[in-house]
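Trainee: could you work out the structure for the sequence below:
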Amino acid sequence: MDYIQAIKNFEPMNEQEQNDKKLILKFIEKNDDGLIFNEKLDKILMVHHNIYNTWSWTGGHADGEADLLKVAIKEAKEETSIENIGVLDENIIAIDILPVVPHVKRGKFISGHLHFCISYALIADENSHIEAKLDENSGVKWIKIDELEQYSNEPYLIGVYRKIHKRVLMNRKNQENK
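Mentor: Take a look at the predicted model:
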């Protein structure tokens, strides 16, 4: 299934996702994010982002790749050095439009803009070797979900992380009840 059809098939959880889905389909710019959970689903593997000076999820631009899940896994591996990253659900886990503040990247000024984010829930062993990709991140670590506010200086993203965590828990519960 191509990513446009996957977005069309996505069932919004709330009004925000419904509105964002419409905007994304209208102005599609592919950015993929992967929220990497441990097996207990009580921690998220996060990277300390150099540009924003905060702990954040992994992700990047699709750059023409149509398989957005593949991009999310590739970015997660590149940014954390974990070789074995699995997929909790092959379906899109969240759709969001997120602001990107003006910043300098690799010596070049980047104007403020919006990222149209397609997110997936990934899974990894929290005992795996992790290592930062130093040109983008200064650290990688597992963070307890109930401690996100202590690590992120982007309050709007904490809501996104919690929304995704809630959906992951609901999906796991639904799987167990089948």
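
Trainee: what segments of the chain are strands?
Mentor: Assigned by DSSP state E, the strands in the chain fall at 31-37, 43-49, 54-56, 58-61, 86-87, 94-100, 103-105, 108-110, 113-123, 137-144.

Trainee: how about low-confidence regions in this protein?
Mentor: Counting by pLDDT under 70, the ranges of the chain that qualify are 1, 26-32, 64.

Trainee: and for residue 52, nearest residue in space, chain neighbours not counted?
Mentor: Excluding the flanking residues, the one nearest residue 52 by C-beta to C-beta, 6 or more residues apart in numbering is residue 154, at 6.8 Å. In short, each C-beta sits where N, CA and C put it, glycine included.

Trainee: neighbours of the one you found, how many?
Mentor: Applying other C-beta atoms under 10 Å, we find 17 residues neighbouring residue 154.

Trainee: give me phi/psi at it?
Mentor: Phi and psi for residue 154, reported as degrees, to the nearest 10, are phi -120, psi 80.

Trainee: go ahead and confirm it touches residue 55.
Mentor: No: in this structure, residue 154 is not within contact of residue 55 by C-beta atoms under 8 Å, at 9.1 Å.

Trainee: could you identify the longest helix within this structure?
Mentor: helix 155-176 (DSSP state H).

Trainee: with distance to residue 24 and mean neighbour count added, can I get the strands of the chain in JSON lines?
Mentor: Putting the strands of the chain into JSON lines (distance: least, C-beta to C-beta, whole Å; neighbours: other C-beta atoms under 10 Å) gives the following:
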{"stretch": "strand 31-37", "distance to residue 24": "10", "mean neighbour count": "27"}
{"stretch": "strand 43-49", "distance to residue 24": "23", "mean neighbour count": "22"}
{"stretch": "strand 54-56", "distance to residue 24": "20", "mean neighbour count": "20"}
{"stretch": "strand 58-61", "distance to residue 24": "14", "mean neighbour count": "21"}
{"stretch": "strand 86-87", "distance to residue 24": "21", "mean neighbour count": "14"}
{"stretch": "strand 94-100", "distance to residue 24": "6", "mean neighbour count": "18"}
{"stretch": "strand 103-105", "distance to residue 24": "23", "mean neighbour count": "11"}
{"stretch": "strand 108-110", "distance to residue 24": "21", "mean neighbour count": "9"}
{"stretch": "strand 113-123", "distance to residue 24": "5", "mean neighbour count": "21"}
{"stretch": "strand 137-144", "distance to residue 24": "26", "mean neighbour count": "16"}
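
Trainee: returning to that earlier point: check which helices and strands the longest helix of the chain sits against.
Mentor: For helix 155-176, the packing partners by 3 or more C-beta pairs under 8 Å, 6 or more residues apart in numbering; DSSP states H and E come out as strand 31-37, strand 94-100, strand 113-123.
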